[in-house]
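K.L.:
Have a look at this prediction, sequence included:
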Amino acid sequence: MAGNLAAQYKEVFTRQNTRSFIVACIILCLAIIFQFYASAYADRVASTAVNDLLLDNLPIIDLNNIIVEGVLAAIVGSVVLLFLKPRYLVFTVKAAAIFIATRAVCISLTHLGIYPGQVNPDTGFFDRIYTDLGLQAGFFFSGHTGLPFLLALIFWNEKFWRYLYFLLSLIFGVAVILAHVHYSIDVFAAPYIAYGIFKQSQYLFERDYRLIVSDA
């Protein structure tokens, strides 16, 4: 398997694709920085909370383990998966960067306050990592729901991973609503926005996406 993986890297990472991957990493870093400052700004100018049909009628359930540890595990697992599937690497990094940057723009435009009773991260090690990465900040739209949905679309040709990411999107979406971490519109809008970002990324990074299609 190691020899096969090395052969894939040699085939995929030509000089041009290596440059493209470096650009992808730079774009991703810039998007993360953008989201950090957008989140800080949104928190600083946040207004009052608003009513929500679902949140107003659902009990608050502490699902912090799913929202924090579950998300961090999904991120680490996805990074490992991408390095085991190099054909997916460049396109996925660029699509994720577009996703994060788009969410940062949305966060900076909408300044709703925290819903009363929202379950916040604890003070443990993983909770601090989660908070420091800015994963707690901002409402519209839900990254918990949207990013796994985006990955399901990217891994569409791989049935197991497609359904796993769809399942994660559903689990995280339900969890953030029951914990009152997101307004319901944040969760319901996320898959549609993720689909739009996927199609946009296909158009912008057509050459990178062909690497995935050629592996189908």
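P.N.:
Nice, I can see it. Residues are numbered from 1 along each chain as shown.
K.L.:
list the buried ones in stretch 56-65?
P.N.:
Judged by neighbour count (16 or more other CB atoms under 10 Å), stretch 56-65 contains these buried residues: 63-64. For every residue, glycine as well, the C-beta is placed using N, CA and C.
K.L.:
And for stretch 165-180?
P.N.:
Of the residues in stretch 165-180, those buried by neighbour count under the rule 16+ other CB under 10 Å are 165-166, 168-169, 171-180.
K.L.:
swap in stretch 197-206?
P.N.:
Of all the residues in stretch 197-206, those buried under the rule 16+ other CB under 10 Å are 197-198, 201-202, 205.
K.L.:
what's in contact with it?
P.N.:
90-91, 94-95, 98-99, 102, 150, 153-154, 209 (CB atoms under 8 Å, 6 or more residues apart in numbering).
K.L.:
Could you check how far the residue nearest to the spatial centre of the chain is from residue 67?
P.N.:
Using CA atoms, centre = their mean, the residue of the chain that lies closest to the mean C-alpha position is residue 147, 3.0 Å off. Look at residue 147 and residue 67: by CB to CB, to the nearest Å, they are 13 Å apart.
K.L.:
And residue 164, by the same measure?
P.N.:
18 Å.
K.L.:
Settle it for me: which of those two has more neighbours?
P.N.:
Neighbours were tallied for residue 164 and for residue 67 using other CB atoms under 10 Å; the higher tally belongs to residue 67 (25 against 18).
K.L.:
residues contacting that one?
P.N.:
Counting by CB under 8 Å, 6+ apart, residue 67 makes contact with 119, 121, 144, 172, 175-176, 179, 181.
K.L.:
Mind picking out the helix or strand in this protein with the poorest mean pLDDT?
P.N.:
Of all the helices and strands that make up the chain, helix 125-132 has the lowest average by mean pLDDT, DSSP states H and E, namely a mean of 78.
K.L.:
How far does that helix sit from its chain's centre?
P.N.:
Averaging C-alpha positions (CA atoms, centre = their mean, to the nearest Å) puts helix 125-132 16 Å from its chain's average.
K.L.:
what does stretch 54-62 give?
P.N.:
24 Å.
K.L.:
How about residues contacting it?
P.N.:
115, 117-119, 177-180, 183-184.
K.L.:
Mind checking which of the residues you listed are in helices?
P.N.:
Counted as lying in helices by DSSP state H, out of these, are 177-178, 184.
K.L.:
what stretches of the chain score poorly on pLDDT?
P.N.:
Under the criterion of pLDDT under 70, the regions of the chain flagged as low confidence span 1-3, 133-135, 215-216.
K.L.:
Let's see that with 80 instead.
P.N.:
1-3, 46, 120-127, 129, 131-138, 214-216 (pLDDT under 80).
K.L.:
Summarise which helices and strands the longest helix seen in it is packed against.
P.N.:
With residue count as the measure and DSSP H as the assignment, the chain has helix 15-44 as its longest helix. Helix 15-44 makes packing contacts with helix 86-109, helix 206-213 when contacts are defined by 3 or more CB pairs under 8 Å, 6 or more residues apart in numbering; DSSP states H and E.
K.L.:
just the angle between the last one and helix 15-44, please?
P.N.:
For helix 206-213 against helix 15-44, the angle by axes from the mean of the first three to the mean of the last three CA atoms, to 10 degrees is 100 degrees.
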